[in-house]
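Undergrad: quick one: sequence and predicted model below, then my questions.
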Amino acid sequence: MTDNYLKLEFLSLACNQAFARDAVAAFCVYKNPSLSVISDIKTAVSEAVANCAVHAYGGEAGPVMVECDMQGDLLHISVTDRGRGIEDVQKALQPFYTTLPGDERSGMGFTIMQTFMDEFSVQSQRGEGTVVRMAKQLNAEVENV
């Protein structure tokens with residue numbers, strides 16, 4: 001059951017990358033997550049939105065939708081574009097894989113998202129766009145060792 005919901009739509013402009021990550025962070029702050037958790041979320045959202053600008057629309061402006069759904073202390077995030085889509089998702093998920101090798105891109109965007117989030121998946125349809133889904137537990141119990 002959804003406790004809270006957020007939906008944003010904006011153009012894939014570089015200036016909106018900070019807007020998206022800050023909006024998602026502000027959305028979940030009422031749950032009082034740690035600064036580390038907020039940082040993880042902001043990093044993953046930034047990477048997802050940057051991918052839309054760089055890869056989905058080839059540097060042109062196109063629509064990006066960010067949706068958040070809070071269920072207890074679990075934050076679900078989806079970042080959707082209507083761009084080119086990804087030809088081979090499994091290959092794109094490999095560390096250091098990039099379709100723009102001459103463009104100072106590291107090919108680590110998806111790897112970073114996977115590392116910082118508790119759940120991660122990518123669905124893409126060539127010519128129709130991509131959806132990145134992520135989830136993060138906001139207030140996980142820390143075990144004392």
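TA: Right, received. Where do you want to start?
Undergrad: can you tell me how far Gly85 sits from Glu128?
TA: 6 Å (CB to CB, to the nearest Å). In short, each C-beta sits where N, CA and C put it, glycine included.
Undergrad: who has more neighbours, those two?
TA: A direct count of neighbours by other CB atoms under 10 Å for Gly85 and Glu128 places Gly85 higher, at 17 against 11.
Undergrad: quick one: contacts for that one?
TA: 56, 124-130 (CB atoms under 8 Å, 6 or more residues apart in numbering).
Undergrad: need phi/psi at the closest residue to it other than its chain neighbours.
TA: In space, and not counting its chain neighbours, Gly85 is closest to Arg126: 4.2 Å by CB to CB, 6 or more residues apart in numbering. Backbone geometry at Arg126, expressed as degrees, to the nearest 10, gives phi -50, psi 130.
Undergrad: count of residues packed around Arg126?
TA: Using other CB under 10 Å, Arg126 has 11 neighbouring residues.
Undergrad: didn't it look like it was pressed against Gly83?
TA: No. If you go by CB atoms under 8 Å, Arg126 and Gly83 don't touch, sitting 10.4 Å apart.
Undergrad: go ahead and confirm Lys31 touches Met70.
TA: Yes. When contacts are counted by CB under 8 Å, Lys31 is listed as touching Met70 (7.1 Å).
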